[in-house]
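J.: Curious how this folds, go ahead:
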Amino acid sequence: MDENCIFCKIINRELPSSIVYEDENVLVFKNIEPQAPIHLLVIPKKHMRNVLEADEETISKLFIVTNKIAKEQGIDKDGFRVLTNCGKNAGQTIDHLHFHILAGTKLEEKMI
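T.: Sure thing, here's the model as predicted:
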């Protein structure tokens with residue numbers, strides 16, 4: 001854990017969040033600044049800055065949970081977007097690996 005990381009603080013329940021899913025490795029919660037009607041963040045509980053620091057097992061777990069959440073939320077039918085940014089030049093603002101799940105409306109190319 002990184003004591004200065006906002007997502008680590010959410011994992012440790014030091015900050016509030018609207019949790020949608022949790023297991024021993026992954027946490028999913030609603031984005032507080034949603035860019036779509038459904039905007040969830042899928043994060044590993046182990047701190048890593050981005051996909052460059054992630055091992056195959058972590059990436060696999062994140063995508064397995066993303067698949068599960070899409071089905072549970074009913075967004076698998078009409079479509080959804082999964083997005084991650086890697087580094088500040090790509091738009092990453094929080095240095096903790098996270099996947100965005102965006103859905104609930106037809107998304108435009110230039111969104112996020």
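
J.: all strands in this protein, in order from the N-terminus.
T.: Secondary structure of the chain (DSSP state E): strands at 19-22, 26-30, 38-44, 81-83, 99-103.

J.: among those strands, which is nearest residue 52?
T.: Of all the strands of the chain, strand 38-44 sits nearest to residue 52, with 13.5 Å by Cβ to Cβ. Using the backbone N, CA and C atoms, a C-beta is placed for each residue, glycine as well.

J.: Count the residues that sit near residue 84.
T.: Residue 84 is flanked by 16 other residues according to other Cβ atoms under 10 Å.

J.: tell me the contacts of it?
T.: Going by Cβ atoms under 8 Å, 6 or more residues apart in numbering, residue 84 touches 50, 51, 97, 98, 99, 100.

J.: Residue 2 and residue 97, how far apart?
T.: Using Cβ to Cβ, to the nearest Å, residue 2 is found at 12 Å from residue 97.

J.: neighbour-wise, which of those two wins?
T.: residue 97 (25 against 13).

J.: Which pLDDT does the model give that one?
T.: Here the pLDDT value assigned to residue 97 is 97.

J.: again with residue 25
T.: For residue 25, the model assigns a pLDDT of 97.

J.: give the contact list for it.
T.: With contact taken as Cβ under 8 Å, 6+ apart, residue 25 is in contact with 44, 45, 46, 58, 61.

J.: The first one - nearest residue in space that isn't next to it in sequence?
T.: To tie it back to what came earlier, the one meant is residue 44. Leaving aside its chain neighbours, residue 44 sits nearest to residue 58 (5.1 Å; criterion: Cβ to Cβ, 6 or more residues apart in numbering).

J.: Would you map the helices across the chain?
T.: 6-11, 56-73 (DSSP state H).

J.: any chance of those helices in JSON lines, plus mean neighbour count and mean pLDDT?
T.: Putting the helices of the chain into JSON lines (neighbours: other Cβ atoms under 10 Å; pLDDT from 0 to 100) gives the following:
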{"stretch": "helix 6-11", "mean neighbour count": "19", "mean pLDDT": "97"}
{"stretch": "helix 56-73", "mean neighbour count": "16", "mean pLDDT": "97"}
